[in-house]
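> Give me the fold of what follows.
(chains A and B)
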Amino acid sequence: MPPVTDQPKKWFQTTAIDYPNSRPHIGTAFEKVGADVQARYRRMEGYDVLFLMGNDENTLKVADKAKELGLEPQVYCDDMARQFREVWGALDISYDVFIQTSHERHKECCRKFIQKVYDNGHIYKGAYEGWFCPGCEEFKSEKLHKENAGLCPNHNRPLVRRSEPCWYFKLSSFADRLLAFLKDNPEYVQPDSRRNEAIGFIEAEGLEDLNISRHGKEWGIPLPFDEDFTTYVWFDALLTYITGIGYGDDETQFHKNWPADMHFIGKDITRFHCHYWPAMCWAAGIEPPKHVFSHGFVNNDGTKIGKSMGNVVEPREIIAKSSVDAYRYYFMRECAYPGDGDYSGKRYEEVCDSELSNKLGNLLSRCITVGAKSFDAVLTGTAGRVPDKVTVDFDAAKVVAEVRTAVENCDYNLALQAIILKVCAPANQYIDTEAPWKLVKGTAEEKERGKIVIFNVIHSLRIASILLKPFIPRSAEIIYTSFNFPKPWSELTYADAAELHAQPDDMRVIATLIDGKVKPLFPRLA
RNA sequence: GGCGGGGUAGCUCAGUGGUUAGAGCAAUCGCUUCAUAAGCGAUGGGUCGCCGGUUCAAACCCGGCCCUCGCUACCA
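All right, here's what the predicted structure looks like:
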């Protein structure tokens, strides 16, 4: 990804939109948290951020599920959307726009887009032939037909050959352009492994035209040029990325934000974003997005999460036992965002206790206690003083650059590792070596020295809090606002962490104290 | 079957030819007691998937094999 300085000052990002068949679990949330970290980071860096999320509701399965519960599909969708948004709220996901594809505004914009693609000559009528399951009322892939001996895995009945009229999108005509696009723009989709798959697929098999119509008029978006058909959900779902910012409706807002700077998606839908989506954009005469980031999946104690596995964990179960920030920290720290990760209760406690409670929170506590008890919360004489390095090789600018690069590449685990190892650990070593709690009991000179040690460690905490802001916003703010740093919390950028500079006033501890102590930032879990 | 990743300490991983293979966590021991029974230090622990080859020298290069994960178009 290009460095911040080379980017225009707007940042439009999206996550994949979710099926509201069931409530979000820790896997669904993984994507949102990772996207949120990026959005918060970009806001810190001065971007005008627009962060879009939503639910994908125009599938017959959603309508079926509603029927099962005796609800109107729209009522069901709206209620699920409410529940999704509650979970995202509980995770402090800072989205700006939430799209429901069953809402009229999205549908209207969709129809305009599809009509445009049709008018541009990229859609034609044909027939789709394949293996059909009358039970599922849907076509199955050749692969499934072959692997399952011609039987439907759900109904155990033979699949039948069937042909029906449909509308095709001329995807094949974009194959060469797509291949060149993917090869010429290595940063379009990350990580590289996903890009290789996307390229490999076209090289190996080419691209066939895409059937974009489905039967089932009662739920979905009718094709604008043939109301007998509804739109294939993917052709509609991808369009949230533009209908959510005013395509065909508010051209000013649309042109301000498009093309998207980043689509966060799961690795399972990489192909839709590497093959269909850019081609669809070209077909409608708009630019394709700039970047797609395809993250990995989260397992539960080594096994894949699924309803059938009975191992679904919802975010709030974990948050209730710890905190939002602990939750965000664990998944960003322990699960490498581009790859797969694992959730286990034991590991969760280990990581949160070792790093958040012991290395970070405890450092804040010991600093504040010594500062408050021995100096009455005011480090007199530190006004104008430039902090010393806590270790000989400590280099704030270098650490910030490292963390910045990691965040921009969505290597969140590396970013957090660097913060703990290169900011918090040295500060703990330093405070231990200098032992200010001993110095303050000695001569006036020693007491003065102890004061400076605390002062220096507080600046390490300041750096850590700024770097941690996108990850654990609440806790980072508590750290920062425990002291009288002059720059407001809301105005900080990563550059503020890159140097040790003086401040005009004496350093003060302004955190709320109870018996000279501060409330633990991250209470230990184990 | 085809293509592409990966297999390194109990766990998560770093390490693309050169001194006794590294980090964090976990484990054990010591120091410390300002602090959230936290911190700091030290120690133990690895025939670097297997076999063969190239080389003065291989975790790293080459060949074969085993295992594992992903992709292989109409469920998304």
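> For the one residue in the stretch 301-450 of chain A that gets nearest to RNA strand B, give me its contacts.
Closest to RNA strand B within the stretch 301-450 of chain A is A:G361: 1.6 Å, counting by CB to the nearest atom of the strand. All C-beta spots, glycine's among them, are computed from the backbone N, C-alpha and C. Residues near A:G361 by CB atoms under 8 Å, 6 or more residues apart in numbering: A:475, A:520-522.
> Selection in ChimeraX covering whichever of these are buried, please.
Filtering the contacts of A:G361 down to the buried ones (16 or more other CB atoms under 10 Å) takes a single ChimeraX command:
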select /A:475,521,522
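> and the contacts of A:G361 as TSV, adding secondary structure?
Listed next are the contacts of A:G361 as TSV, based on DSSP: H, G, I helix; E, B strand; the rest coil:
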residue	secondary structure
A:S475	helix
A:P520	coil
A:L521	coil
A:F522	coil
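> Within reach of RNA strand B, which of the contacts of A:G361 are there?
By CB under 7 Å from any atom of the strand, the members of those lying near RNA strand B are A:520-522.
> follow-up on the earlier one: of all the contacts of A:G361, which two lie farthest apart?
Taking CB to CB, the two most distant members of those are A:S475 and A:P520; they sit 10.9 Å apart.
> and A:D36, what element?
Take DSSP states H and E as the rule and A:D36 turns out to sit in helix A:26-44.
> before we move on, back to that, pLDDT score for the residue of the stretch 301-450 of chain A closest to RNA strand B?
At A:G361, the pLDDT value in this model is 96.
> just checking, what packs against the lowest-mean-pLDDT helix or strand in chain A?
Lowest on mean pLDDT, DSSP states H and E among the helices and strands of chain A sits helix A:142-147, with a mean of 78. Packing contacts for helix A:142-147, counted by 3 or more CB pairs under 8 Å, 6 or more residues apart in numbering; DSSP states H and E, involve strand A:123-133.
> returning to that earlier point: please render the ones next to RNA strand B among the contacts of A:G361 as JSON lines that adds pLDDT and distance to A:F293 to the earlier fields.
Converted to JSON lines, the ones next to RNA strand B among the contacts of A:G361 look like this (pLDDT from 0 to 100; distance: CB to CB, whole Å):
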{"residue": "A:P520", "pLDDT": "95", "distance to A:F293": "35"}
{"residue": "A:L521", "pLDDT": "96", "distance to A:F293": "30"}
{"residue": "A:F522", "pLDDT": "96", "distance to A:F293": "29"}
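> Which one of those residues is nearest to A:N300?
A:F522 (23.0 Å).
> and the closest one, what does it touch?
Contacts of A:F522 (CB under 8 Å, 6+ apart): A:323, A:325-326, A:352, A:356-357, A:360-361, A:475.
> Could you do A:F174 as well?
Contacts of A:F174 by CB under 8 Å, 6+ apart are A:207, A:278-279, A:282-283.
> buried residues in stretch A:157-166?
Buried, per 16+ other CB under 10 Å, within stretch A:157-166: A:159, A:166.
> Show the average pLDDT along that stretch.
For stretch A:157-166, the per-residue pLDDT averages 88.
> Check stretch A:220-239 too.
Here the average pLDDT along stretch A:220-239 is 92.
> Same question for stretch A:250-269.
pLDDT averaged over stretch A:250-269 gives 94.
> Isn't A:K107 up against A:W219?
No: applying CB atoms under 8 Å, one finds A:K107 not in contact with A:W219, separated by 11.5 Å.
> Contact residues of the stretch 101-250 of chain A facing RNA strand B?
Within the stretch 101-250 of chain A, the positions near RNA strand B by CB under 7 Å from any atom of the strand are A:128, A:130, A:138-144, A:171, A:193, A:196-197, A:200-201, A:204-208, A:210-211, A:232-234, A:237.
> Buried subset of those as a PyMOL selection?
This is the PyMOL syntax for the buried subset of those, where burial follows 16+ other CB under 10 Å:
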select buried, chain A and resi 128+130+138+139+140+144+171+201+207+210+211+232+233+234+237
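> Helices - which of the residues of the stretch 101-250 of chain A next to RNA strand B land there?
A:142-144, A:193, A:196-197, A:200-201, A:204-205, A:233-234, A:237 (DSSP state H).
> Excluding chain neighbours, what is closest to the residue of the stretch 301-450 of chain A closest to RNA strand B?
Leaving aside its sequence neighbours, A:G361 sits nearest to A:L521 (CB to CB, 6 or more residues apart in numbering; 3.6 Å).
> same check, this time on A:A35
Nearest to A:A35 is A:F264, by CB to CB, 6+ apart, at 4.1 Å.
> what's the answer for A:E287, then?
Nearest to A:E287 is A:P259, by CB to CB, 6+ apart, at 4.4 Å.
> In chain A, where is pLDDT below threshold?
Applying pLDDT under 70 to chain A flags the ranges A:1-8, A:216-217.
> where's A:T493 relative to RNA strand B, distance?
In this view, A:T493 and RNA strand B are 26 Å apart by CB to the nearest atom of the strand, to the nearest Å.
> What count of nearby residues applies to that residue?
Residue neighbour count, defined by other CB atoms under 10 Å, stands at 16 for A:T493.
> isn't it right next to A:M44, touching?
Yes: using CB under 8 Å, A:T493 is in contact with A:M44, at 5.4 Å.
> tell me the residue furthest from the middle of chain A?
A:T443 (52.6 Å; CA atoms, centre = their mean).
> Tell me how far it lies from A:T382.
Applying CB to CB, to the nearest Å, the value for A:T443 to A:T382 is 19 Å.
> what's the answer for A:C152, then?
A:C152 is 74 Å from A:T382, by CB to CB.
> Please list all residues in contact with A:K359.
A:420, A:424-425, A:428.
> does it count as helix, strand or coil?
For A:K359, the assignment made with three-state DSSP gives helix.
> Quickly note the distance from it to A:V407.
Per CB to CB, A:K359 is found 20 Å from A:V407.
> do the same with A:P134
A:P134 is 51 Å from A:V407, where distance means CB to CB.
> Compare these two (neighbour count), which wins?
More neighbours surround A:V407 than the other of A:P134 and A:V407, with 25 against 13 (other CB under 10 Å).
> Surely that one touches A:V37?
Yes: in terms of CB under 8 Å, A:V407 counts as a neighbour of A:V37; the distance is 7.0 Å.
> Please identify every residue contacting each of those two.
A:P470.
> count of residues packed around A:T405?
Using other CB under 10 Å: A:T405 sits among 15 other residues.
> How about the contacts made by it?
Taking CB under 8 Å, 6+ apart as the test, what A:T405 contacts is A:D411.
> give me phi/psi at it?
phi -60, psi -40 (degrees, to the nearest 10).
> same check, this time on the one 4 residues further on
For A:N409, the backbone dihedrals (degrees, to the nearest 10) come out as phi -90, psi 10.
> give me the number of residues near it?
Neighbour tally, A:N409, other CB under 10 Å: 16.
> before we move on, what about A:N156?
Counted with other CB under 10 Å, A:N156 comes out at 9.
> A helix includes it, no?
No: counting by three-state DSSP, one finds A:N156 to be coil, located in no helix.
> tell me which residues in stretch A:16-29 are buried?
A:16-20, A:23-29.
> cool, stretch A:261-278 as well?
So, applying 16+ other CB under 10 Å, buried residues of stretch A:261-278: A:261-267, A:269-278.
> Please apply the same query to stretch A:352-361.
Quick answer for stretch A:352-361 (16+ other CB under 10 Å): A:352-353, A:355-357, A:359-361.
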